[in-house]
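In: just a sequence and a predicted model for now, questions to come.
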There are 2 protein chains.
Amino acid sequence: MAASASTRKPVLSLESINPAVLDVHYAVRGELALKAVAYEEQLQDPAKAKELPFDKVVTANIGNPQQKGLNQRPITFWRQVISLLENPALFQDHLDVISKIYPEDVIARAKTLYGEIGSVGAYTHSKGIPAIRKKVAAFIEKRDGHPANPEHIFLTAGASAGVSQILGLVLKPGEGCMIPIPQYPLYTATLAYIHAKPVPYYLDEATGWSTSTEGLIEGVNKAKADGIKVKALAIINPGNPTGGVLSRESMEKVVQLCYDEGIVLLADEVYQRNIFDPKERPFISFKEVVRSMPKEIAESVELVSFHSISKGVSGECGRRGGYFELTNIAEDVVEQIYKMASVTLCPPVTGQVGVDLLVDPPKPGDASYDQWLAETTLTHDNLRDRSKLMSERFNQLPNMSCQPAEGAMYLFPQIKIPQRAIDEAKKRGKDADVMYTLDLLDATGICSVAGSGFGQEKGTYHLRVTALCPGVEDYVGKIEKFHKEWIAKWA
Amino acid sequence: MAASASTRKPVLSLESINPAVLDVHYAVRGELALKAVAYEEQLQDPAKAKELPFDKVVTANIGNPQQKGLNQRPITFWRQVISLLENPALFQDHLDVISKIYPEDVIARAKTLYGEIGSVGAYTHSKGIPAIRKKVAAFIEKRDGHPANPEHIFLTAGASAGVSQILGLVLKPGEGCMIPIPQYPLYTATLAYIHAKPVPYYLDEATGWSTSTEGLIEGVNKAKADGIKVKALAIINPGNPTGGVLSRESMEKVVQLCYDEGIVLLADEVYQRNIFDPKERPFISFKEVVRSMPKEIAESVELVSFHSISKGVSGECGRRGGYFELTNIAEDVVEQIYKMASVTLCPPVTGQVGVDLLVDPPKPGDASYDQWLAETTLTHDNLRDRSKLMSERFNQLPNMSCQPAEGAMYLFPQIKIPQRAIDEAKKRGKDADVMYTLDLLDATGICSVAGSGFGQEKGTYHLRVTALCPGVEDYVGKIEKFHKEWIAKWA
């Protein structure tokens, strides 16, 4: 049946596309990020750039350590090894030349990996290169003191890809997944897309964003009352955006709850290397906690643990690499996970190589060790020091309070927004903290994310900024100046 | 409510996971591929290797040009440029040394890209690096003679990632997407996962796997009769697994059908560079056909076109790079696609660089041009010649007939399976062509895919093999010997 030209409507419209897509919200790269991109374009044009009160855009909305204008340089060892894998002719045909530039352990690692992988342009095993999965297992065993099985480790295109894959397999439409509030919005975005229900549990800001068992049980009970089956619990440790690091005691309570209630535990541990006071508050993996509990718990609580090359001291986000480990998952379910991994063919190969370099860095005595240690220590210490300095300075500001971070790479200060600003924001149809972040961007070029993008207790307002920043004055100083003026304006 | 240790059942089982996952089938990497992996492991152990009648596994089940043991080498220009981007110190600090190894256009390209991108370890714009999207637009304009808008081009982690993203956005659960039979199983796998319905249309083997308008209309009408709304039509040109290349006339009929019936056209054009007789049967893009039709069609038929760096003459599958172009899609829908792309952060950066090198190769006069031309010509000619030789030899076999391929990188011969073998397969609970491919693997180490994994006319049996092969005798010779013996055994 042919339609005439004048009557034919587009097939695709907001009304006709998959409605789950409309339910997806993702503030980290939302309206504010779009505006920041527009400003960046404007700054390219000298004539138009003059109209702006800043000369660069600082994208403090995403944890992107290697972005232009920041201080974090890639780890030399990583890039040397990968450059050889990209062009093996460098060590096959020009070894004399390259030996003068590259340390011997770089060349040796590249040769070993080349022997295992061959071309980085070929598809690999869908679970990831077997030799690298074995090295991940060895890394986990050394970290936790409990065995790990390479067949239960899947390499992924970053942690996000793994999280989406697992959520989509674990949850039937309508089932619930507990998520921390505040949370990284990947979780709510993915749950919306797969028609599953987010079941919030609130972290306690006053006690450093701690996870309380009461909060969790309250969440489960509320979900039950609403007729939602709680099937999974996502936990981010160290926390994003909060920076909180869980104690063993808290973790045991979470595992116990999962055991009691029949819940699959999803542990997002991508910031495990970003720990600011390892003596006082070390990173402990959920795998270790599960395996250390009484046998009936240790051998039954189902756990998926996620790690990534994007954070830590490597910060190789653009490469898209990571892995997840399955603990206590039935073998026939592991096979289904494998099948789904096969549909996406394989994770990016140099992302897989990044995982190799993450879990097996240079050792004392290796030619690259000193440089690797110096570079990673500098990155780690910079992040810790900046995070501390930022929370201290934020706490000195009027109408702002900030829990110091114990780990990860963000701060999540609370802003007491004056009532006049709240009323004005309502008029504009925006959350008050979104208005704050838009004004911050307009005044300073700093792109942050409003707390409402992560979820927060009703009536509170927050801001997420990364502790990855260029010069302190250029960043914290600008936020301070803006904040004081903005609060004064609306007081 | 605590469960006792003895009664607690695993949360995850085949009964409790998302049932859509169970509906996903993906033969390309199914039982046969698993068995091939097991044989590969067995071959690593000299004692156990002796038990096998072959000394290597040939994975002819996937189009993976750069896998070990095949002849296709990466394009030197690509790998040189990317090695510099991986380690910019090579041109920043060691330019004197590297200039002796790398041609000047390689260094110039790397510097330009480094200026545009910065670190390949940083996240990029979620749509992909703006400068590369502009170059893709220029490539499309030159190819088609019609303008392209960089804002309607999204870089992706290979074509598969793009196809999944678009299907998940276009289709509501229960809506239909037309797919060719035989088809690449990514489509059925993704449709199953998103609860959408595949609506088959049959390609005609006798006429070189052509797409007939009658077949399409029959498919639409049958879906309507079944109460399924047909919202999208996927078409693979050049065809996978068939190797057929569409004529302009066929394409115009497809576009007309999409116009008449209100269907979104999804054009998988990843094999556009793998064309064996460009004078007789050239590649024409659907974008070009749509834009060349009468205005009301040219400006209304909604089209998404996919391309990839994994196939063609680059074969860089492991890098995960590609793009899609949106034509006639409403701007507010484009924004939704952008939002969903943001949730996955960004495509792998050196995959994006691969797209740059794909759409803007060395030009005559550039230092790398001669080598680039020699390498890509060799790859292209090898594939065409092997494809031709394989179909000729297959056609000389008893109980086998094979349409010669006009493009892509596969052959899809039909096997007349003796009734005794069909009966035996039924006893074993397998499709007869699956039994054939398992026996082929056991006897020769060659891993193919049975036609039933792609769909085929009832009562016919096929085999998909790639035309990427090691030495001809080592591959085609082994298939011939096995085939004759197998047919004789079951005759």
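Out: Thanks, I have it. Just so we're clear, the structure is a prediction, and the values are computed from it rather than from any experiment. Numbers count the residues shown, from 1 in each chain, chains lettered A, B, ... in the order given.
In: ok, and what's touching the helix or strand of chain A with the lowest mean pLDDT?
Out: Ranked by mean pLDDT, DSSP states H and E, the helix or strand of chain A with the weakest confidence is helix A:472, at a mean of 76. Contact partners of helix A:472, identified using C-beta atoms under 8 Å, 6 or more residues apart in numbering or on different chains, comprise A:386, A:389. All C-beta atoms are positioned from the backbone trio N, CA, C, and that covers glycine.
In: so who does the nearest residue to residue A:236 once chain neighbours are set aside touch?
Out: Closest residue in space to residue A:236, ignoring its immediate chain neighbours: residue A:268 at 4.4 Å, by C-beta to C-beta, 6 or more residues apart in numbering or on different chains. The neighbours of residue A:268, taking C-beta under 8 Å, 6+ apart as the test, are A:159, A:163, A:184, A:234, A:235, A:236, A:237, A:240, A:306.
In: Serialize these to TSV and add fields for neighbour count and distance to residue A:359.
Out: Shown next, in TSV, are the contacts of residue A:268 (neighbours: other C-beta atoms under 10 Å in any protein chain shown; distance: C-beta to C-beta, whole Å):
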residue	neighbour count	distance to residue A:359
A:159	24	15
A:163	23	20
A:184	26	23
A:234	27	23
A:235	23	22
A:236	27	21
A:237	25	19
A:240	26	22
A:306	24	14
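In: verify the stated contact: residue A:120 with residue A:84.
Out: No - the pair residue A:120 and residue A:84 fails to qualify as a contact (C-beta atoms under 8 Å) at a distance of 10.3 Å.
In: coming back round to it: how far does the least confident helix or strand of chain A sit from the chain's center?
Out: In terms of C-alpha atoms, centre = their mean, to the nearest Å, the centre of helix A:472 is found 23 Å from the chain centre.
In: helix or strand next in line after it, which one?
Out: For helix A:472, the following helix or strand on the C-terminal side (DSSP states H and E) is helix A:478-490.
In: for that following helix, what is the average pLDDT?
Out: When pLDDT is averaged over helix A:478-490, the result is 95.
In: quick one: contacts of it?
Out: Defining contact as C-beta under 8 Å, 6+ apart, one finds that helix A:478-490 is touched by A:54, A:393, A:397-400, A:415, A:417-418, A:420-421, A:424, A:436, A:439-440, A:443-444, A:446, A:465.
In: if I look at the most centrally placed residue in chain A, how far off is chain B?
Out: The structure's chain A has its C-alpha centroid closest to residue A:270; by C-alpha atoms, centre = their mean the separation is 6.2 Å. Note on residue A:270: its distance to chain B, by C-beta to the nearest C-beta, to the nearest Å, is 12 Å.
In: wait, isn't that residue in contact with residue A:309?
Out: No - the pair residue A:270 / residue A:309 is not scored as a contact, 9.2 Å apart, by C-beta under 8 Å.
In: what touches both of the two?
Out: residue A:322.
In: rewinding a little: count the neighbours of the residue lying closest to the residue nearest to the centre of chain A once chain neighbours are set aside for me.
Out: Among residues not flanking residue A:270 along the chain, residue A:308 sits closest, at 4.1 Å (C-beta to C-beta, 6+ apart). Residue A:308 sits with 30 neighbouring residues when counted by other C-beta atoms under 10 Å in any protein chain shown.
In: what residues are bridge-paired with residue A:308?
Out: Beta-bridge pairing for residue A:308 (DSSP bridges): residue A:322.
In: which ones are touching the residue nearest to the centre of chain A?
Out: Counted by C-beta under 8 Å, 6+ apart, residue A:270 has contacts A:159, A:240, A:306, A:307, A:308, A:310, A:311, A:312, A:322.
In: please report the distance of residue A:143 from residue A:286.
Out: Plainly put, residue A:143 is 12 Å away from residue A:286 if you go by C-beta to C-beta, to the nearest Å.
In: sweet, I'm off.
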